[in-house]
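Participant: Just the structure for this:
(4 chains)
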Number of protein chains: 2
Amino acid sequence: MDTKDFPANILDPNCPSRVIFQRIGDKWASLVIQVLGDGPVRFSELRKMVSVVTPKVLTQTLRALERDGLITRTVHAQVPPRVDYELTAMGESLLHPLSMLRQWAENHVPTILEARDAYDDAQDDALLGSPS
Amino acid sequence: MDTKDFPANILDPNCPSRVIFQRIGDKWASLVIQVLGDGPVRFSELRKMVSVVTPKVLTQTLRALERDGLITRTVHAQVPPRVDYELTAMGESLLHPLSMLRQWAENHVPTILEARDAYDDAQDDALLGSPS
DNA sequence: ACACAAAGGTATCTATTGGATACTGATAGC
DNA sequence: GCTATCAGTATCCAATAGATACCTTTGTGT
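Facilitator: All right, here's what the predicted structure looks like:
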């Protein structure tokens, strides 16, 4: 067990790394970061790429990432306006750990989907069997 | 830019890896997995360790992880009952990528907190300056 | 001159989720 | 019987996510 090395403070509700884990774990944040991995992208492009996100939520996500210093927001004085979002150096440093996680996910997707089906079937059976 | 290697399907709302990312990114799931990295833990122990989580939410989290085949739930026929949660092999395989992310988080916590302060200060200034 | 389009958002409202608190059910010990 | 322990449910309320409509600025077409 080589995980004993994690500091107990991860269990402390006030531990800052918990707060950061939440940002990384955010539904859209990690996706945005990975999309920005290819270079700056403007707001409307992001909307198209992450197609199901609403503008409100995308804005919230981007503001949070900007606040944490993971991305920058640059407004170009044009009309119509052009706003580019770009990873900071720190944001780029997240790409590697994130891609490892993505790799893991892709490797295990089939197994997980099978597990879900099996679990759901078992639930159905239990429901059908019990109301005697 | 070595991130071009990510399959475009991460942008597809129906892409399974998005679904999995959501589970990993879940507020409590990744924490539970890391806690279970040291071996099986019973429900009440988990509650104490992840102290701020309510039983309802903990149960939801555990069920979801079980459904995905990441943990197992074993009920011991005792009174008072004893229920142990334990990582599956697949669950254990998540420990490594997860710990890399945790490592990253711990390395960057100070920078992120500084960025937040700076951002908030800038916001305050903007608010104080504008209502002329 | 006037309407419309484009970009990057807000504003508003509703649906879903998260969280606090209280309670249940089985039994062992007092 | 009364109470405590454990692993949860049940209920209710607050916070968050999401759908939809709208706003602002200016360039362009007519």
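
Participant: where along chain A do the strands fall?
Facilitator: A:41-42, A:71-76, A:82-87 (DSSP state E).

Participant: how about the helices in chain A?
Facilitator: For chain A, the helices defined by DSSP state H cover A:16-25, A:29-36, A:43-49, A:55-67, A:89-93, A:95-129.

Participant: Before we move on, what's the pLDDT of residue A:41?
Facilitator: Model confidence at residue A:41, given as pLDDT, is 96.

Participant: er, residue A:101 actually
Facilitator: pLDDT at residue A:101 comes out at 89.

Participant: Can you pull up the most central residue in chain A?
Facilitator: Nearest to the geometric centre of chain A sits residue A:30, at 2.7 Å (CA atoms, centre = their mean).

Participant: Thought residue A:24 was touching that residue, still the case?
Facilitator: Yes - Residue A:30 is within contact range of residue A:24, at 5.9 Å (criterion: CB atoms under 8 Å). Yep, even glycine has a C-beta here, placed from its N, CA and C like the rest.

Participant: What residues sit buried inside stretch A:114-129?
Facilitator: A:115, A:119 (16 or more other CB atoms under 10 Å in any protein chain shown).

Participant: quick one: that stretch near chain B?
Facilitator: Yes - remark: stretch A:114-129 sits within contact range of chain B at A:114, A:115, A:116, A:118, A:119, A:120, by CB under 8 Å from any CB of the partner chain.

Participant: chain center to that stretch, what's the gap?
Facilitator: Centroid separation between stretch A:114-129 and its chain, computed with CA atoms, centre = their mean, to the nearest Å, is 29 Å.

Participant: if you average pLDDT over that stretch, what comes out?
Facilitator: 84.

Participant: Dump that stretch to PDB, restricted to CA.
Facilitator: Output of stretch A:114-129 as PDB, limited to C-alpha atoms (Å, rounded to 0.1, in the frame of the first residue of the first chain):
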ATOM      1  CA  GLU A 114     -20.400  -3.600 -17.800                       C
ATOM      2  CA  ALA A 115     -20.400  -3.100 -14.100                       C
ATOM      3  CA  ARG A 116     -23.200  -0.700 -14.300                       C
ATOM      4  CA  ASP A 117     -25.400  -3.000 -16.400                       C
ATOM      5  CA  ALA A 118     -24.700  -5.900 -14.000                       C
ATOM      6  CA  TYR A 119     -25.600  -3.700 -11.000                       C
ATOM      7  CA  ASP A 120     -28.800  -2.400 -12.600                       C
ATOM      8  CA  ASP A 121     -29.800  -5.900 -13.600                       C
ATOM      9  CA  ALA A 122     -29.300  -7.100 -10.000                       C
ATOM     10  CA  GLN A 123     -31.300  -4.200  -8.700                       C
ATOM     11  CA  ASP A 124     -34.200  -5.000 -11.100                       C
ATOM     12  CA  ASP A 125     -34.100  -8.600 -10.100                       C
ATOM     13  CA  ALA A 126     -34.200  -7.700  -6.400                       C
ATOM     14  CA  LEU A 127     -37.200  -5.500  -7.000                       C
ATOM     15  CA  LEU A 128     -39.100  -8.100  -9.000                       C
ATOM     16  CA  GLY A 129     -38.400 -10.800  -6.500                       C
END
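
Participant: how about that stretch, does it reach DNA strand D?
Facilitator: No - judged by CB under 7 Å from any atom of the strand, stretch A:114-129 makes no contact with DNA strand D; its nearest approach is 11.4 Å.

Participant: Any regions of chain A where pLDDT drops low?
Facilitator: Where chain A drops to pLDDT under 70, the residues are A:1-17, A:127-132.
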